[in-house]
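Undergrad: This is a predicted model, with the sequence first.
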Amino acid sequence: MAQQPRAIVIGGGIGGLTAAAALHLRGLRVTVLERAASLEPVGAAISLAPNALRALDVIGIGDALRDLAAWQGDGGLRTPGGRWLTRTSAAAAAERFGGPLVLLPRATLIDGLAALLPPDAIRTATAASLADPGETDRPARVTTSDGDLEAELVVAADGIHSGVRRILFPHHPVPVYSGFTTWRVMIPVPGPEFASHETWGRGRIWGTHPLKDGRVYAYAAAVVPAGQRAPDDEKAELLRRFGDWHEPIPAVLAAARPEDVLRHDVHHLAEPLPAHHRGRVALLGDAAHAMPPTLGQGGNQAIEDAIVLAHHRDDLAAYTAARLPRTTALTRQAVRTARLNMMSGRAGIAVRNAAIAALSKAAPALLLRGFEGIADWRPPQPPYASDQAPVGNPQERP
C-alpha cells in the first residue's frame, strides 16, 4: 500500500488553514505548525469578496460563512463632513459578481477552517524553520523544537516577514513601508443603526461597518512615518485625527476603550518574487505577495492561493504560473489605490472627489468596474455554491 503523502503548513492563519483543509480533503496527511500559543487571529474582522467565497465553496464552508456574515455594500463613500460622494448597493454588487461581499470576525473564519482538520493536525506554540526545500528525489525538511519533520509538500504561510521566503530567495528585496499606518476596532456601539461607509480625508481614511452579531467593525489609516506610536494611547490618537468627523465616527470612538484599538504599520512586497515555489515548498498569502489593504484582497488572495495550490499540489510550477501574474497585478493595483485614497493635496482631493461624485451620478455601475477581474474570479475546481446563491436584497433573504 502506498504511503499517504504528507504536507506541512508553516503558519496557522487564514491562508495556512485554508491550504491545510484543502490538502486534507485531497487525501494528504497534514500538519499545521503555528508559532503562537493559540490560533486566535491578529486582527478584528475580514471582508470576503465573491472570489474568496467561491474558493471556500470548494472546501465546503462557503455557505456556512455567508450565513454567519453581514452583507456589505449598502452604504458608500463620504467626506469627513458627512457628504456622500457615492452610494453603493449590496444587491447590485452581488448581481454583477455572482455573489455577495460579506464581513465577519476573523475568529469565525479561523474556527470554521480549523474544524475541517483532524484534532491532532494543528500544533500551536511550535516555531518552525525550513531546513531543506527538497527536490524531486527527496522530501522537504522542516526543523521544530520537537525535532525535524519531512514532507512531500511544505506550505509557507508565515506572513509578511516570512522566514521561509528569506531562505528560498535570500537576495530578494524585503517588504517596503507602504506609507501609512492602520488602526482597527471591533466593538458594540450603542445607538441607532447606520449605513456602512468609507470616508476619505486628507491623507486619512475611516471605515465603519456593522457586523451580523451586532458589533461594529471600524478601521482607519493615516499617512505617517513608519514606526510611530501615540504618546499616550491609540484611542487618543484616533480622537485627535478623526474625532471631529461625521457620525457614527465619534460614537465609535466614544464606545472604544484604549485596549480595543489595534495599530499596525502597512508594508508590501514592491518587487514580485521570481516564483511562488522552490523545490517542494510553496509560498502563499503575505509570504508570497504582501499587498496594501486598499482593495480588501489580502486575505482573499491567500484563500485563492490555498485552493489553487491544493489543485496543483503535484506541480508547483503550475501553481506559480496560475498565481504569480494575478497577485502581482493586484498588488500593483492596491498600491495605486492607496495613492488615490490617501491623497494629501487639497487640489488633488477636490478633483478626485468631484470626479467620483460625477461618475456616481452619471453611471453608478461604472464604479463596480474596479472589481472586474477580481471579484469574478473562479477556482479551478467545483463546486461553486454561489452560482445558486440568492443575489437580491440581503434584507429580504430568509
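TA: That came in fine, so what should we check first?
Undergrad: which secondary structure element contains W183?
TA: Using DSSP states H and E, W183 sits in strand 176-187.
Undergrad: which is the next helix or strand following that strand?
TA: As assigned by DSSP H and E, the chain's next helix or strand after strand 176-187 is strand 196-200.
Undergrad: centre of the chain versus the helix or strand following that following strand, how much separation?
TA: Later in the chain than strand 196-200, the nearest helix or strand by DSSP H and E is strand 204-210. Chain-centre distance of strand 204-210: 16 Å, with C-alpha atoms, centre = their mean, to the nearest Å.
Undergrad: Each with direction, which strands does strand 204-210 pair with?
TA: Paired neighbours of strand 204-210 in the sheet (DSSP bridges): strand 196-200 (antiparallel), strand 216-223 (antiparallel).
Undergrad: ok, and what's touching it?
TA: Contacts with strand 204-210, where a contact means C-beta atoms under 8 Å, 6 or more residues apart in numbering, come from 45, 70, 72, 75, 103, 193-194, 196-199, 216-223, 241-242, 245, 248-249, 252, 341-342. Every residue, glycine included, has its C-beta placed from N, CA and C.
Undergrad: Equivalent analysis for stretch 324-331, please.
TA: 268-269, 272-273, 275-276, 288-291, 295, 297, 301, 304-305, 374, 377.
Undergrad: same thing but at 6 Å, please
TA: 272, 276, 289, 291, 297, 301 (C-beta atoms under 6 Å, 6 or more residues apart in numbering).
Undergrad: so which of those residues comes closest to T126?
TA: Nearest to T126 among these, counting by C-beta to C-beta, is H276 at 23.9 Å.
Undergrad: Can I get stretch 269-279 in CSV, CA atoms only?
TA: C-alpha atoms of stretch 269-279 as CSV (Å, rounded to 0.1, in the frame of the first residue of the first chain):
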residue,chain,number,x,y,z
LEU,A,269,6.3,43.4,-1.4
ALA,A,270,7.1,46.1,-4.1
GLU,A,271,9.1,43.7,-6.2
PRO,A,272,7.3,40.5,-7.1
LEU,A,273,9.1,37.2,-6.4
PRO,A,274,10.5,35.3,-9.3
ALA,A,275,8.3,32.3,-8.3
HIS,A,276,5.9,31.3,-5.6
HIS,A,277,7.7,28.0,-5.1
ARG,A,278,11.1,26.3,-4.9
GLY,A,279,11.8,22.6,-4.6
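Undergrad: show me the residues around the residue nearest the centre of the chain that make contact.
TA: Closest to where the C-alpha atoms of the chain average out (C-alpha atoms, centre = their mean) is G299, at 2.2 Å. By C-beta under 6 Å, 6+ apart, the contact list for G299 reads 14, 46.
Undergrad: about what we covered before: and among the strands paired with strand 204-210, the most buried is which?
TA: strand 216-223 (a mean of 23; mean count of other C-beta atoms under 10 Å).
Undergrad: Name the residues that touch that strand?
TA: 44-45, 179-180, 182-186, 189, 203-211, 241, 252, 342.
Undergrad: A91: which of the contacts of stretch 324-331 is nearest?
TA: Q297 (21.6 Å).
Undergrad: residue contacts, that closest one?
TA: Taking C-beta under 6 Å, 6+ apart, one finds L330 in contact with Q297.
Undergrad: mind checking how far it is from L101?
TA: 11 Å (C-beta to C-beta, to the nearest Å).
Undergrad: Then E40?
TA: Separation of E40 from L101 (C-beta to C-beta): 25 Å.
Undergrad: Check which residues of stretch 118-129 are buried.
TA: 121-122, 126, 128 (16 or more other C-beta atoms under 10 Å).
Undergrad: from the chain's centre, how far out does that stretch sit?
TA: 22 Å.
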